[in-house]
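Trainee: have a look at this prediction, sequence included:
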Amino acid sequence: MNKLTVSEIWIYPVKSLGGIRVHTAKVLPKGLAYDRRWMLIDSHNKFMTQRIYPEMALFKLSYDSGDFFIRHSGQSIHLPFSSGNNTLSAEIWNDRAEVHEVSRQHSAWFSKILGMDCRLVSFPENNSRPVDPVFSINNNHVSLADAYPLLVIGQSSLDDLNRRLEEPLPINRFRPNIVFSGGEPYEEDNWKNFRIGQNRFAAVKSCSRCILTTVNQDTGKKGMEPLATLSAYRMRDNKVYFGQNLIPLDHTEIMEGNEITLDS
């Protein structure tokens, strides 16, 4: 069997905005450090994503000298680790989560660019948001990601998909946390327990994909792919699957180049 190696690690500090590739990441119970710990909510306190607002793809994030920055059309704003005292109850799918508005300045900045009333909020590390109990291992919790702490995708899986497409797509369409090289296409479908370095993970559920994957992350425009092609060979139960959701069992550090060892 080919050696399996972590080739890319990604975090998405603000839900549904641009991602940041990192060389190392601390694994926390809710996912990688700083991954989906912030999000935008609308005037009804409902979470905002590229599914409804594809132009959110045009907000790009960077990490410089220990700080996050958000950029859009030549403008930029600092993303602080601390938030204000305005506590809100926000809706994420079928969940309610207690969040804190980062600041009125940040909310006004996003509202002006998007042309709608919205707020930037943060999710404190200790706040509760349980994983679906059907797939929970030990009363696990998740950050502001859709449902699970992490997502892994094999580079071979993306390569196989791209061979079927007229125009190949980058991995950013699928927003993984971990990309690995080696192995067969879609072999992550069958993973159960594995290790990256010293950190154990449990693969708990294949990831069903939505129209967010059709948003070009450079233009903010929707298309038909990759869902049109994936639906021809990756559909079951009327859902399209690509990638595997993970729950971390240990909370150490992972880094690019780490070997992946399958326990089962």
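Mentor: Nice, thanks for sending it over.
Trainee: quick check, central residue of this structure?
Mentor: Nearest to the centroid of the C-alpha atoms of the chain, with distances taken as CA atoms, centre = their mean, sits R175, at 5.0 Å.
Trainee: which SSE is it in?
Mentor: With elements taken from DSSP states H and E, nothing contains R175; it lies in neither a helix nor a strand.
Trainee: so for it, what's the pLDDT?
Mentor: We note a pLDDT of 98 for R175 in this prediction.
Trainee: over to S264?
Mentor: S264 is assigned 64 on the pLDDT scale.
Trainee: check D64 too.
Mentor: If you check D64, the pLDDT there is 89.
Trainee: what about it, distance to N172?
Mentor: D64 sits 20 Å away from N172, going by CB to CB, to the nearest Å. (C-beta placed from N, C-alpha, C; glycine too.)
Trainee: kindly report the same for G220.
Mentor: Applying CB to CB, one obtains 13 Å for the distance of G220 from N172.
Trainee: the more surrounded of these two?
Mentor: When G220 and N172 are compared for neighbours, N172 comes out ahead with 18 against 15, by other CB atoms under 10 Å.
Trainee: hang on, that one in a strand?
Mentor: No: counting by DSSP: H, G, I helix; E, B strand; the rest coil, N172 is not found in a strand; it is helix.
Trainee: hang on, isn't it packed against Q217?
Mentor: Yes: under the criterion of CB atoms under 8 Å, N172 lies in contact with Q217, with a separation of 4.8 Å.
Trainee: for this structure, which spans come out with low pLDDT?
Mentor: Scanning the chain for pLDDT under 70 picks out 1, 264.
Trainee: can you pull out the helices in it?
Mentor: Shown for the chain, the helices assigned by DSSP state H span residues 104-114, 155-164, 227-230.
Trainee: for S122, which of the ones you listed is the nearest?
Mentor: Proximity of the helices of the chain to S122 was assessed by CB to CB; the nearest stretch is helix 104-114, lying at 9.8 Å.
Trainee: buried sites along the closest one?
Mentor: With burial defined by 16 or more other CB atoms under 10 Å, the residues of helix 104-114 counted as buried are 106-107, 109-111, 113-114.
Trainee: ok, now stretch 166-176?
Mentor: Using 16+ other CB under 10 Å as the test for burial, stretch 166-176 gives 169, 171-176.
Trainee: likewise stretch 43-61?
Mentor: Per 16+ other CB under 10 Å, stretch 43-61 contains these buried residues: 47-50, 53-54, 56-61.
Trainee: what of stretch 146-165?
Mentor: Neighbour-count burial for stretch 146-165 flags 146-158, 161 (criterion: 16+ other CB under 10 Å).
Trainee: OK, contacts around K221?
Mentor: When contacts are counted by CB atoms under 8 Å, 6 or more residues apart in numbering, K221 is found next to 54, 215.
Trainee: can you start the count at 3 instead of 1 from here on
Mentor: Right, with 3 as the first residue, what we last looked at is K223.
Trainee: give me the distance between it and L60.
Mentor: Remark: distance between K223 and L60 (CB to CB) = 10 Å.
Trainee: then M226?
Mentor: Separation of M226 from L60 (CB to CB): 20 Å.
Trainee: cheers, nothing more for now.
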